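S.K.: Any chance you can model this:
(one chain, ligands or ions: 2)
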Amino acid sequence: MISLNTNLLQKLLSTYGPSGHELNISNLITEEIQGLVDDIKIDSLGNLIAHKKGSGPKIMLAGHMDQIGLMVTHIDDNGFLRFTNIGGISPSISLSQRVVFANGTIGVIGCEHIDSLKDLKLEKLYIDIGAKDKNEAKEMVSIGDTCVYYNHPIIDDKKIISQAIDDRIGCFIMIEALKLLSNIENDLYFVFTAQEEVGLRGAKTAAYGIEPDIAIAFDVTATGDTPKAKLMDVKLGDGPAIKIKDNSILCHPKVKEYMIKIAKNNNIPYQLEVLEFGGTDSGAIHLSKTGVPSGVLSVPCRYLHSTCEMVFISDVKNTIELTKYILENNIEI
Ligand code: CO
Ligand code: ZN
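M.R.: Numbers count the residues shown, from 1 in each chain. Ligands and ions are numbered 1, 2, ... in the order given. A predicted model of the protein is given here:
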């Protein structure tokens, strides 16, 4: 089995990149993949598009670079910051977390006095950056600045824990699969997308420009394997999840069947995913122009959109291998 590129993964998980501020991530990825592709460009929305030319069908791979964040809306006289959400931010998860801004300013999230947890809303929360008053706070941050949850990633023998697994793990899988490719006929577009968390925006314009014949997105999905979880037949450790549907897409049956066939032929474990909420880049891509047959490979992930998103290393490695085989074969749609 392949070994895990822990060094690259650590970097991807610890680099700042909320929606709309993907440049640090696209620079890191460019450094990693230049030389492995024929052409790299960044488009006007901030998508990183890497083209590995081939004579076969045009396949677009998409994994989003952005992570959820919090944007400053108001600075009060005492130097406390109020904020709005960039993507799916939950008040209960945010309480007592550390956050970091692009310029390195670190803060913590506090809450007004409330009598019941039922009153815990984003409006009740504030960010404390340790400023003595409004003027000092304004020297550290401005209205419109965005911060992200701040914790060092954990990678042990079995699992990975980080607030940025969604979806740096998808970017990581695409990069590591690209490195393994040899003798490819397919015309491959590796697209590291911008602004997924605010509504699949980067994927939409990238797909319009590329006009792919087939698309596959790489992202995380929820699981049903924790105590009294909502019913869902996806588990950590059972391999990559081949998506059937989520709220943004009914995956193309032929793309899904092709991925299942490749997994079976290469003895890679897989599971089938029916996600009853959420969506990912394929949701936008499959509706581009006259439509694009699309599928999704998901890494099972517990505690989505929290500071302790968790995946198993075995699932990550199996997804990289499956991706390599998917790209090396002829997809017939
Ligand atoms: Co997400
Ligand atoms: Zn995601």
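S.K.: I'd guessed L272 sits against P240; true?
M.R.: No - counting by CB atoms under 8 Å, L272 stays clear of P240, with 10.5 Å between them. Where C-beta positions appear, they are placed from N, C-alpha and C, glycine not excepted.
S.K.: More neighbours: the two, which one.
M.R.: Ranked by neighbour count (other CB atoms under 10 Å), L272 and P240 place P240 first, with 29 against 12.
S.K.: Please report the distance of the more buried one from I169.
M.R.: Distance, P240 to I169, using CB to CB, to the nearest Å: 11 Å.
S.K.: which residues are common contacts for the two?
M.R.: Shared contacts of P240 and I169, defined by CB atoms under 8 Å, 6 or more residues apart in numbering, are found at V299.
S.K.: quick one, what contacts the most centrally placed residue in the chain?
M.R.: Geometric centre of the chain, nearest residue: D167, 1.6 Å, by CA atoms, centre = their mean. Contact partners of D167, counting by CB under 8 Å, 6+ apart, are 63-67, 196, 218-220, 280.
S.K.: mind checking the SS state of V108?
M.R.: strand (DSSP: H, G, I helix; E, B strand; the rest coil).
S.K.: show me where the stretch 201-333 of the chain has strands.
M.R.: In the stretch 201-333 of the chain, the strands defined using DSSP state E, counting those that start in this stretch lie at 214-221, 241-246, 249-250, 271-274, 294-300, 309-312.
S.K.: Any chance of JSON lines for those, columns mean pLDDT?
M.R.: What follows is these, written out as JSON lines (pLDDT from 0 to 100):
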{"stretch": "strand 214-221", "mean pLDDT": "98"}
{"stretch": "strand 241-246", "mean pLDDT": "98"}
{"stretch": "strand 249-250", "mean pLDDT": "98"}
{"stretch": "strand 271-274", "mean pLDDT": "98"}
{"stretch": "strand 294-300", "mean pLDDT": "98"}
{"stretch": "strand 309-312", "mean pLDDT": "98"}
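S.K.: and of these, who's closest to ligand 2?
M.R.: Closest to ligand 2 of the strands of the stretch 201-333 of the chain, according to CB to the ion: strand 214-221, at 4.3 Å.
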